[in-house]
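>>> Whatever this is, show me its structure:
(one chain, ligands or ions: 1)
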Amino acid sequence: MRKLTYFVACSIDGFIGDESGDASFMYPFVDEEFIGFLTAEYPETMASHARRALGVHDLPPRRFDTVVQGRGSYDVGLKEGFTSPYDHLRQYVASRTLTESPDPQVEIVADDLLGKVRELKAEDGELGIYLCGGAQLAGQLRDEIDELVIKTYPVALGTGMPMFAAGFSVAEFALDEVRLFKNGVLVRTYSRKR
Ligand SMILES: NC(=O)c1ccc[n+]([C@@H]2O[C@H](COP(=O)([O-])OP(=O)(O)OC[C@H]3O[C@@H](n4cnc5c(N)ncnc54)[C@H](OP(=O)(O)O)[C@@H]3O)[C@@H](O)[C@H]2O)c1
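Residues are numbered from 1 along each chain as shown. Predicted coordinates for the structure are as follows:
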């Protein structure tokens, strides 16, 4: 089985953005040290335009070969004209309203999202699946998540978009790794206790 990993940036109080999902207040924390970490450990989670800007577009993926995101998250790049935001990965966007894909590299999943994710997880392969978000998608796929990589930025928001838009239920995870950065960013990796 391939792993489904929710790799997400959040505030100290667990929000992935403001109430609309805007996470741009986190950008100042993406400094040289943190970019070095992303480039070395998770190069495939950087959007293609960022990889090109940093001159690392040719770096092979280290952990994921596939990305799954909701239309709300895909829209963020689409509004800037990025129709294929992760063109180094296989890309799936969940949407019932996008009747046609804006890009041949992006496959739209309109029906049976859970079935599609289970099918991807059942494929053979060393590399896993990057669940990009957002809250709605992560909420629906919470039970399928095998690993969490949570980048916590040192800000508290009071309110905002939660990590999971879902009802209350307790899902246990084991802490595998903690990385601390000079600017106060913390990256924790958890695996699902089954
Ligand atoms: N901090 C971070 O690391 C991070 C990461 C990712 C995203 N974000 C933020 O999260 C925000 C978006 O989150 P969100 O919760 O609003 O949206 P989302 O989860 O990205 O996408 C929701 C959309 O996905 C589609 N969808 C949901 N369930 C589906 C299903 N079962 N089958 C088919 N399609 C389905 C629907 O699209 P249709 O309406 O088209 O049907 C729905 O409107 C963005 O603002 C982004 O900036 C933050």
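>>> In three-state terms, how would residue 101 be classified?
Following DSSP: H, G, I helix; E, B strand; the rest coil, residue 101 is assigned to coil.
>>> for the residue sitting nearest the centre point of the chain, what are its contacts?
With distances taken as CA atoms, centre = their mean, the chain has residue 132 as the residue nearest its mean C-alpha position (2.1 Å). Taking CB atoms under 8 Å, 6 or more residues apart in numbering, we find residue 132 in contact with 7, 45, 67, 68, 69, 73. Bear in mind the C-beta positions are built from the backbone N, C-alpha and C, glycine included.
>>> Surely residue 91 is in a strand?
Yes: under three-state DSSP, residue 91 falls within a strand.
>>> Count the residues that sit near it.
22 (other CB atoms under 10 Å).
>>> pretty sure it contacts residue 85?
Yes: contact criterion CB atoms under 8 Å: residue 91 and residue 85 qualify, at 7.5 Å.
>>> Show me which residues of this protein sit near the ligand.
Residues of the chain lying near the ligand by CB under 6 Å from any ligand atom: 8-9, 16-17, 21-23, 69-73, 76, 94-98, 109-110, 113, 132-137, 140, 161, 165.
>>> Can you tell me which of the residues you listed are buried?
For the residues of the chain next to the ligand, a burial check counting by 16 or more other CB atoms under 10 Å picks out 8-9, 16-17, 21, 23, 69-73, 76, 94-95, 98, 109, 113, 132-137, 140, 161.
>>> So which of the residues you listed sit within strands?
Taking DSSP state E, the ones among these that sit in strands are 8, 9, 16, 17, 69, 70, 94, 109, 132, 133, 161.
>>> dump the residue contacts of the third one.
Residues near residue 16 by CB under 8 Å, 6+ apart: 8, 9, 10, 23, 133, 134, 135, 160, 161, 162, 163.
>>> now do the fourth one
The contact partners of residue 17, by CB under 8 Å, 6+ apart, come to 23, 134, 160, 161.
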